[in-house]
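Participant: this is a predicted model, with the sequence first.
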Amino acid sequence: MKTPPRRWPDNVEQFRIADLPVSVLDQSMMRLMRTIADQECWTVEEVMVAVLERCEAERKLEAKIIPFPKIKMHTYEVHPCSERRKRMRDERK
């Protein structure tokens with residue numbers, strides 16, 4: 001059984017950067033974003049916004065992809081021609 005999420009007291013405000021809660025990010029993710037920010041000469045806030053925009057774009061793309069139904073193949077389509085010919089010969093005899 002999952003433990004319920006811990007509620008913050010009324011007088012405590014959750015730390016946010018770019019209106020995104022930082023508490024959901026672990027330390028390794030924060031380090032990675034800091035490294036990216038240093039390499040690109042951005043702020044950590046700009047990196048967080050860029051990651052969020054990319055995730056939203058990928059989610060929208062997944063919604064646009066139309067999944068086609070899988071077609072069940074007949075056994076004669078799976079086997080190569082030579083095997084099919086052998087089976088046809090055996091059936092004639």
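Facilitator: Looks like it arrived, so ask away. Residues are numbered from 1 along each chain as shown.
Participant: just the pLDDT at H74, thanks.
Facilitator: For H74, the model assigns a pLDDT of 60.
Participant: correction: C41
Facilitator: According to the model, C41 scores 92 on pLDDT.
Participant: burial of it, as a residue count?
Facilitator: 7 (other C-beta atoms under 10 Å). C-beta: built from backbone N, CA, C; applies to glycine.
Participant: how near is it to A57?
Facilitator: With distances taken as C-beta to C-beta, to the nearest Å, C41 is found 23 Å from A57.
Participant: cool, and V51?
Facilitator: From V51 to A57 the distance is 11 Å (C-beta to C-beta).
Participant: comparing those two, which residue is more hemmed in?
Facilitator: V51 (15 against 10).
Participant: which SS state does that one fall under?
Facilitator: Here V51 is helix, with the state taken from DSSP: H, G, I helix; E, B strand; the rest coil.
Participant: confirm for me that it is in contact with M33.
Facilitator: Yes - with contacts counted by C-beta atoms under 8 Å, V51 reaches M33, the gap being 7.5 Å.
Participant: can you pull the buried residues of stretch 9-23?
Facilitator: For stretch 9-23, a neighbour-count test (16 or more other C-beta atoms under 10 Å) marks I17 as buried.
Participant: so for it, mean pLDDT?
Facilitator: On average, stretch 9-23 scores 78.
Participant: so what touches that stretch?
Facilitator: For stretch 9-23, contacts defined as C-beta atoms under 8 Å, 6 or more residues apart in numbering pick out 8, 30, 44-45, 48-49, 52.
Participant: for the protein, what spans make up the helices?
Facilitator: Secondary structure of the chain, counting by DSSP state H: helices at 27-40, 44-64, 75-78, 81-92.
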